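> Take a look and give me a structure for this.
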Amino acid sequence: MILINLRGNCLAWQLPLKNIIMKIKDLHGKGLEITDLEKAIKQAETFKGYSHQDKSFAEFDKRQKAYWTDIYEKLLILKKKQNEHSISKD
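Sure thing, here's the model as predicted:
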């Protein structure tokens, strides 16, 4: 298992025989398993840009943007580490 520490948050992925299982922790400490890194990055990138037109949702939108931005940044770190790992194997 490879562990990466990012500002007190632990990012990890395990290397089983055939598949890579990637895990991150969200802002609330909940573990999330990533099964398709590219799709997860696209999803987080999309969600971090969402907001309501109704300004009464401004505080909710602010929390959601922080949540998805955090997820997005962690996923990009996983991708970078995955790329570094695959380059070092070549």
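> Which residue ranges of the protein form strands?
Using DSSP state E, the strands of the chain run over 2-6, 9-14, 21-25, 31-34.
> Could you give me the buried positions within the helix ranked longest in the chain?
What stands out as the longest helix in the chain, according to DSSP state H, is helix 58-89. Across helix 58-89, burial judged by 16 or more other CB atoms under 10 Å covers Gln64, Tyr67, Trp68, Thr69, Asp70, Ile71, Tyr72, Lys74, Leu75, Leu78. Backbone N, C-alpha and C define where each C-beta goes, glycine included.
> likewise stretch 40-47?
Ala40, Ile41, Ala44.
> In this structure the second one contacts Leu76, no?
Yes: judged on CB atoms under 8 Å, Ile41 makes contact with Leu76 at a distance of 6.8 Å.
> From the buried residues of stretch 40-47, which land in helices?
Ala40, Ile41, Ala44.
> Quick one: the residues you listed as a markdown table, columns for pLDDT too.
Converted to a markdown table, those look like this (pLDDT from 0 to 100):
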| residue | pLDDT |
| --- | --- |
| Ala40 | 96 |
| Ile41 | 97 |
| Ala44 | 97 |
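> Return the helix or strand in the protein with minimum mean pLDDT.
Across the helices and strands of the chain, mean pLDDT, DSSP states H and E gives its lowest value to strand 2-6, namely a mean of 45.
> where's His85 relative to Tyr67, distance?
27 Å (CB to CB, to the nearest Å).
> What of Leu75?
Distance from Leu75 to Tyr67, counting by CB to CB: 13 Å.
> swap in Ile34?
To Tyr67, Ile34 is 16 Å away according to CB to CB.
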